[in-house]
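Student: Attaching a predicted model along with its sequence, questions to come.
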Amino acid sequence: MRWMVYGVSGFTGELVARLAVERGERPVLAGRSAEKVGPLARELGLEHRVFALGDAAGALGDVDVVAHCAGPFSATSRPMVDACLATGTHYLDITGEIDVFEAVAARDREARDAGVVLLPGIGFDVVPTDCVAAMLKRALPTATHLDLAFVTGGGASAGTARTAVEGSAFGGRARVDGVIRTVPLAHRRRVAHFRDRPRAVGAIPWGDVSTAHRSTGIPNVTTFTPLPALLGRLQPLAAPLLRTPWAQRVGRDLAGRVAGPDERTRRTTGCEVFGEVWDADGNRFRAALSGPNAYDLTADSVVEAVHRLPAVPPGAHTPSSAFGSDYVRALDGVVVSGPTAAR
C-alpha cells in the first residue's frame, strides 16, 4: 500500500513522518514547499512530491491513503477531500474544527459513491474523546446528555495556535437537542474527574460537538477544558476586536512563532480525558483515560489508522465509527478507566 503524509513541513506532519520511518514504513512525503519538504525526505530516505492543494488530484493517482496534516483545515480540507474523491484515495486528517467535521460529514454520499473513506480528526482531536463517548454510549444506551473534558500538557504547535486564533472571536458552541448552537464561552462549568485528579473545567467549542453526536446519537453534547472563569466573561467584550482582519493577522503572525513541544517536553507530559453520560431517569456513567503527550498520541494514531483504513466501509466516519470504541486502547501509553456507574 502506498500512502502519503501531506504537510510534513509542519510540526505534526514531521512527527508523523519520523514515527512512520521508525516503524519501518515508507510513506511519500509531500507539501507545498520544496525547500521544506525536500530536506526532510532526503534525511529520511523517502520519496517526496511538491504540489499545491489545487493540484492535488494530479499527485494522488497512485496513492491509496493520504494523511492530511496541513492546516488550518478550514482552508485546506475541502480541496484535499475533492482530490481524494476524484482519485479514489482514502482521506484522514488531524483537524479539531467543528465546521470541518460538519463539512466532511456532509459528503458521506459522495464518499460512498466513490468508494472512499473520509476520516477527519484521527489525532488527539478527537480520537480519545470520541472513543470515550462511544464507550459511555455502550454502557448507557439510553443516554441523552454527554459531557467530555480534556487537559493536555507541553504546549501547542504553530498550527494549533493558528487554529485557536481563528476561532477566538466566536465564543462557544454546544450541541443542544441534536443541533449545534452558539453559546457563551464557559457557559457551563463543572468538575471533571480525570484519572490523575479532579479539576474545574469550563465549556469550550471542541470537535466532539460535531463528532460525538454522529458516533453515539446522543443529542446533547458539551465539551470542556480547564478555563479561567474570567476568560468566559471577557471573550464577548473582546470578540469584535478579535474578528478584525488586523487582529487575526497579528494573531496568526504570533502563532507562527510557536515552535511546538520538543522531544523532552513531550516525553514528560501527557493528556487526560474524562467523560460522563446521563439519561432522563438519572442513570449516570463515567469513564476516563490517561495518555502520552497529545502530539505523540496524534502521530501514533495517524500511523496506526493508515493501515486500518482500507478495511473500513466507504463513507464519512468518526474514529469510533471507523475502528470501534476500543481503538484508543491500541495506542501507546493509553490507560482507560471505566465506564462505571456514577451517582
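Tutor: Yep, that arrived.
Student: OK, contacts around the residue nearest the centre of the chain?
Tutor: Nearest to the geometric centre of the chain sits D125, at 2.2 Å (CA atoms, centre = their mean). D125 makes contact with 94-96, 206-207, 298 under the criterion CB atoms under 8 Å, 6 or more residues apart in numbering. For every residue, glycine as well, the C-beta is placed using N, CA and C.
Student: Could you tell me the per-residue confidence at G172?
Tutor: Per-residue pLDDT puts G172 at 87.
Student: no no, L185
Tutor: 83.
Student: That one in helix, strand or coil?
Tutor: Secondary structure assignment for L185 (DSSP: H, G, I helix; E, B strand; the rest coil): coil.
Student: Likewise for P39?
Tutor: P39 ends up helix, using three-state DSSP.
Student: out of the contacts of D125, which is most surrounded?
Tutor: For the contacts of D125, the largest neighbour count, defined by other CB atoms under 10 Å, is 30 neighbours, found at I94.
Student: how close does the closest residue to that residue other than its chain neighbours get to A143?
Tutor: Nearest residue to I94, sequence neighbours excluded (CB to CB, 6 or more residues apart in numbering): G123, at 3.7 Å. Look at G123 and A143: by CB to CB, to the nearest Å, they are 25 Å apart.
Student: repeat for H317
Tutor: Taking CB to CB, one finds H317 at 21 Å from A143.
Student: Run through the strands of the stretch 151-300 of the chain in chain order.
Tutor: 172-176, 179-183, 189-193, 198-204, 220-225, 270-278, 284-292 (DSSP state E, counting those that start in this stretch).
Student: tell me the most buried of these?
Tutor: strand 270-278 (a mean of 25; mean count of other CB atoms under 10 Å).
Student: follow-up on the earlier one: export the strands of the stretch 151-300 of the chain as JSON lines, with columns for distance to D82.
Tutor: As requested, those are arranged in JSON lines below (distance: least, CB to CB, whole Å):
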{"stretch": "strand 172-176", "distance to D82": "26"}
{"stretch": "strand 179-183", "distance to D82": "24"}
{"stretch": "strand 189-193", "distance to D82": "38"}
{"stretch": "strand 198-204", "distance to D82": "30"}
{"stretch": "strand 220-225", "distance to D82": "29"}
{"stretch": "strand 270-278", "distance to D82": "33"}
{"stretch": "strand 284-292", "distance to D82": "33"}
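Student: re the thing from before, so how far is P39 from the residue nearest to the centre of the chain?
Tutor: D125 is 28 Å from P39, by CB to CB.
Student: Could you pull up the residues touching R214?
Tutor: 105, 318, 321.
Student: quick one: the second one and T129 touch, right?
Tutor: It stands for T318. No: with contact defined as CB atoms under 8 Å, T318 does not reach T129; the gap is 10.4 Å.
Student: Give me the common contacts of those two.
Tutor: Joint contacts of T318 and T129 (CB under 8 Å, 6+ apart) are A212.
Student: Could you identify the helix or strand that succeeds the helix or strand hosting L15?
Tutor: Using DSSP states H and E, the element containing L15 is helix 11-22. Counting by DSSP H and E, the element after helix 11-22 in chain order, helix or strand, is strand 28-31.
Student: Run through the neighbouring helices and strands of that next one.
Tutor: strand 3-6, helix 34-44, strand 48-50 (3 or more CB pairs under 8 Å, 6 or more residues apart in numbering; DSSP states H and E).
Student: Show me the helices in the stretch 201-343 of the chain, by range?
Tutor: 208-216, 229-242, 245-255, 263-267, 294-308, 319-323 (DSSP state H, counting those that start in this stretch).
Student: By mean pLDDT, show me the worst of these.
Tutor: Across the helices of the stretch 201-343 of the chain, helix 245-255 gives the lowest mean pLDDT, at a mean of 46.
Student: Before we move on, what's the pLDDT of the closest residue to R78 other than its chain neighbours?
Tutor: Counting by CB to CB, 6+ apart, A103 is the residue found nearest to R78 once chain neighbours are left out, at 6.6 Å. What the model reports as pLDDT for A103 is 98.
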